[in-house]
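Student: sequence first, predicted coordinates after that:
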Amino acid sequence: MKPDKTFGQWVRKTRRYLKITSNSNGTCHKKTGVYFQTLLNWENEVSLPQTSALLRLVEGLSNHTGESPQDILDTIMESIPEWRRMNGK
C-alpha cells in the first residue's frame, strides 16, 4: 500500500483493491476491522478515524494483507494532509 493525496482517496483505493462494496458489509468488517459505512464516511471525507477505529483498521488490514501494522499505519498517516504539514512534508 502506498500513501495517497488524501485519506479519503487512500480509503477509496484500498476499498477497491479489497473489492469491498456496499453489498459486502460483513466481508468489509472481516477485511478491515470496520464497517462499510465507516469506510464510506472516511472515503467521502465526512470524518477522520478516531484512534480506536484507526487501530482496528490497521489490525484488520494487516491480518488480511500480511503487511506489517507499522507499514500500514505509516501509509495512512502520510495520506492525511494535516499530518504531512505537521511533519514538514
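Tutor: The structure has been received and is ready for your questions.

Student: give me every residue that touches T27.
Tutor: I20 (C-beta atoms under 8 Å, 6 or more residues apart in numbering). Glycine gets a C-beta too; all of them are placed from N, C-alpha and C.

Student: okay, and it sits in which element?
Tutor: Take DSSP states H and E as the rule and T27 turns out to sit in helix 25-32.

Student: do the same with T38
Tutor: helix 36-43.

Student: now the angle between helix 25-32 and that helix, please.
Tutor: Helix 36-43 and helix 25-32 are oriented at 60 degrees to each other (axes from the mean of the first three to the mean of the last three C-alpha atoms, to 10 degrees).

Student: in the helix or strand just after helix 36-43, what's buried?
Tutor: Sequence-wise, the next helix or strand downstream of helix 36-43 (DSSP H and E) is helix 51-65. For helix 51-65, burial by neighbour count (16 or more other C-beta atoms under 10 Å) applies to 53-54, 56-58, 60-62.

Student: from those residues, which is closest to V46?
Tutor: A53 (13.0 Å; C-beta to C-beta).

Student: residues touching that closest one, list them.
Tutor: Taking C-beta under 8 Å, 6+ apart, we find A53 in contact with 34, 38.

Student: touching, W10 and T75? I think so.
Tutor: Yes: the criterion here is C-beta atoms under 8 Å, and W10 meets it with T75 at 7.2 Å.

Student: shared neighbours of those two, anything?
Tutor: By C-beta under 8 Å, 6+ apart, the residues touching both W10 and T75 are 1, 3.
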